[in-house]
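> I would like to see how this sequence folds:
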Amino acid sequence: HHDLTEDHVLEGVIAYGAAFFAIWWAWMNFTWFATSFDTDDWLYRVLTFVQMGGVLTFAAGLGDFYDGDYGLAILGYVVMRVAMVAQWVRAGHGSAELRSTAYTYAGGVAAVQVLWLVLLVVPESVRPALFGVLVLAEIAVPVVAERRGTTPWHPHHITERYGLFTLILLGESLLGSSNAIIEALDGHADLAPLIAIAVLTLAVTCSLWWIYFWPPHHEAIGSLGQSLRYGYVHYFVFAAAGALSAGIEVEIDALTDHSKLSDMAATFTVSVPVAIFVLGIWWIAIRDNADRVVNVVVPVGALLVLADPVIPVPVTLTAVILVVVVTVLVVRGPVSRSGRQEHAQG
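Modelled structure (predicted):
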């Protein structure tokens, strides 16, 4: 959140988006692989430990990454992905039916990792464009591989993992609320705004939790196309959840006169992630399991939170709108697709 606080908004957003892609992509690939080929034997566990080492290396390099030095972060990312290559090779060796799919995954992932290492030695002026190309190459690998044979997955297992990751990210927002209270207890002169932001952001975080877990997520991944949409759109959902915690910290800095951002811009650091989160979940999981009322209230509510900066007390409008959205969801529960069709015909 420091880039935002220093009014380096564009640089901060780009760096965050790039760093979060690495975290999300490595996690998502492992999650889908695990639901298909989790043997839980000694080698599977060792390769998982290697991936953990890659995670730690990547985390250690994030500070330099934000300063433009990609070396350590990319090395950690490649370690994570090379371990995944080994997992796919094992899967291909053990499954004749899905051998072509598994080896396509292994070859595709391995080839892209070589290019990530090449990124470290090309001229700096070329790196941003090559970075974008490599991101596209990464997300293209599953699309190509799955056309050679669809790997099996367990809808409930997959969506449970997505839900757990969401809880972790929303927990960071609760930490932001806690920090507001800590600032107040540390003797800040004006306690009321800090207490207010703590209460309001708690309401926002709880509402987002309710909205996320309202629909039956397992029904959103019935086909390969649906699964790809569910998985890829979750990048924006997860990134927004993570950015919300940064936005709360920015709001605290603004309230304590430690930010170069205007009050309006600081409020946008909360309302924009909230809008993206709600719209993303509505698109991939809610709209196909909701009636007309819900399918109007949720997206409209997501857009209305963008008007929050016009309210003198930050996050007030966002909290009120989300509570209204949750109230509608409580009153009008999820409906099955067949039920919605019968309602439309009636």
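> where do the helices sit along the stretch 1-150 of the chain?
Assigned by DSSP state H, counting those that start in this stretch, the stretch 1-150 of the chain shows helices spanning 2-5, 9-37, 42-60, 62-66, 71-94, 99-119, 127-146.
> Number of residues surrounding residue 71?
Other residues near residue 71 come to 12 when the count uses other Cβ atoms under 10 Å. Every residue, glycine included, has its C-beta placed from N, CA and C.
> Against residue 138, how distant is it?
According to Cβ to Cβ, to the nearest Å, residue 71 stands 19 Å off from residue 138.
> again, but for residue 277
From residue 277 to residue 138 the distance is 23 Å (Cβ to Cβ).
> again with residue 329
Here residue 329 is placed at a distance of 35 Å from residue 138 (Cβ to Cβ).
> Tell me who's in contact with the residue most central in space within the chain.
For the chain, the residue nearest the mean C-alpha position is residue 238 (1.5 Å; Cα atoms, centre = their mean). Residue 238 sits next to 20, 24, 165-166, 169 when contact means Cβ atoms under 8 Å, 6 or more residues apart in numbering.
> and it, what helix or strand is that in?
Assigned by DSSP states H and E, residue 238 falls within helix 224-255.
> how about that helix: buried residues?
Across helix 224-255, burial judged by 16 or more other Cβ atoms under 10 Å covers 227, 230-255.
> can you list the weak-confidence ranges in this structure?
Counting by pLDDT under 70, the chain shows low-confidence ranges at 1-9, 176-177, 179-181, 183-190, 257-259, 261, 337-346.
> and residue 191, how many neighbours does it have?
A count of neighbours around residue 191, defined by other Cβ under 10 Å, yields 13.
> roughly how far is stretch 164-179 from the heart of the chain?
13 Å (Cα atoms, centre = their mean, to the nearest Å).
> Stretch 312-325 now?
Computed by Cα atoms, centre = their mean, the separation of stretch 312-325 from the middle of its chain amounts to 22 Å.
> Alpha carbons of that stretch, as PDB, please.
Taking Å, rounded to 0.1, in the frame of the first residue of the first chain, the C-alpha atoms of stretch 312-325 are listed here in PDB:
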ATOM      1  CA  PRO A 312     -17.700  12.800   4.000                       C
ATOM      2  CA  VAL A 313     -17.200   9.700   6.100                       C
ATOM      3  CA  PRO A 314     -15.100   7.200   4.100                       C
ATOM      4  CA  VAL A 315     -16.500   3.700   3.400                       C
ATOM      5  CA  THR A 316     -20.000   4.700   4.700                       C
ATOM      6  CA  LEU A 317     -21.900   4.300   1.500                       C
ATOM      7  CA  THR A 318     -20.000   1.100   0.600                       C
ATOM      8  CA  ALA A 319     -20.900  -0.500   3.900                       C
ATOM      9  CA  VAL A 320     -24.600   0.600   3.700                       C
ATOM     10  CA  ILE A 321     -25.000  -0.700   0.100                       C
ATOM     11  CA  LEU A 322     -23.300  -4.000   0.900                       C
ATOM     12  CA  VAL A 323     -25.600  -4.600   3.900                       C
ATOM     13  CA  VAL A 324     -28.600  -3.900   1.600                       C
ATOM     14  CA  VAL A 325     -27.200  -6.400  -0.900                       C
END
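> hmm, who's touching it?
By Cβ under 8 Å, 6+ apart, the residues outside stretch 312-325 that reach it are 193, 196-197, 200-201, 203-204, 207-208, 211, 251, 254-255, 263, 266-267, 270-271, 274, 278, 297-298, 301, 304-305, 307-308, 310-311.
> Apply 6 Å and report the result again.
Contacts to stretch 312-325, defined as Cβ atoms under 6 Å, 6 or more residues apart in numbering, come from residues 200-201, 203-204, 207, 251, 267, 270-271, 274, 297-298, 301, 304-305, 308, 311.
> Which of these are buried, as a ChimeraX select command?
What follows is the ChimeraX syntax selecting those of the contacts of stretch 312-325 that are buried according to 16+ other Cβ under 10 Å:
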select :200,201,203,204,207,251,267,270,271,274,297,298,301,304,305,308
